[in-house]
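Q: Here is my input, please return the structure:
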Amino acid sequence: MSPGPPAVGQELPALTIPVDRTMVVATAIASRDYQDVHHDPELARRSGAPDVFLNILTTNGLVERFVTSWAGAHAVVRAIRIRLGAPVHPGDELVLTGEVSAVDGRRVEVAVRGEHDRGVHVSGAVVLALPEGWGR
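A: Residues are numbered from 1 along each chain as shown. Below is the predicted model:
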C-alpha cells in the first residue's frame with residue numbers, strides 16, 4: 001500500500017507480465033472463451049494474426065490485478081473501462097503502468113496503460129472505492 005492518502009498524479013508501481021503460450025491458452029479457457037484465435041496457432045494465422053493472442057477477459061483481469069495490488073484487498077473495484085490496441089502474443093512482455101487521475105474522498109480513478117514492444121495493448125481507467133483509513 002502507498003504511504004498517505006492517494007493524490008492525483010501519484011504513479012502506481014509498474015507490473016511486468018511475461019506472456020507465454022500456456023498463459024494465453026489457459027486464461028482463454030478459464031474465462032470460457034473458446035475462440036480458436038486464443039488456442040490454435042494455425043487458425044490464428046489463417047485469421048491474419050501471427051499467433052494466438054490474449055483475450056479481452058484476460059486483459060481485464062490483469063488490469064484489475066494491477067490496480068488492486070496497489071490498492072489492497074479491501075478496495076472495491078467499481079468500474080473498469082478499457083480499450084484494446086496491439087494484441088499480446090506468446091513471447092511478449094506486457095508492462096502495466098498507472099497513475100491516479102482523480103480523487104473524491106475514498107473514490108479514486110486510476111488511468112491505466114499496458115504496453116509491449118509493438119505498442120499499446122490496453123488503455124483505460126479503473127474506478128475504486130478505497131476502504132476507510134487507506135494509506136494511513
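Q: Residue most distant from the centroid, the protein?
A: Within the chain, the residue lying farthest from the chain centre (C-alpha atoms, centre = their mean) is residue 46, at 27.3 Å.
Q: Could you tell me the per-residue confidence at that residue?
A: Predicted confidence (pLDDT) for residue 46: 96.
Q: So what's the residue count around residue 77?
A: By other C-beta atoms under 10 Å, 14 other residues sit near residue 77. C-beta here means a position set from N, CA and C on the backbone, and glycine is covered the same way.
Q: Tell me which residues of stretch 65-74 come out buried.
A: Going by neighbour count (16 or more other C-beta atoms under 10 Å), the buried part of stretch 65-74 is 66-68, 70-71.
Q: my bad, should have said stretch 11-21
A: Buried, per 16+ other C-beta under 10 Å, within stretch 11-21: 12, 15, 17, 19.
Q: from those, which is closest to residue 132?
A: Ranked by distance to residue 132 (C-beta to C-beta), these are led by residue 12 at 20.9 Å.
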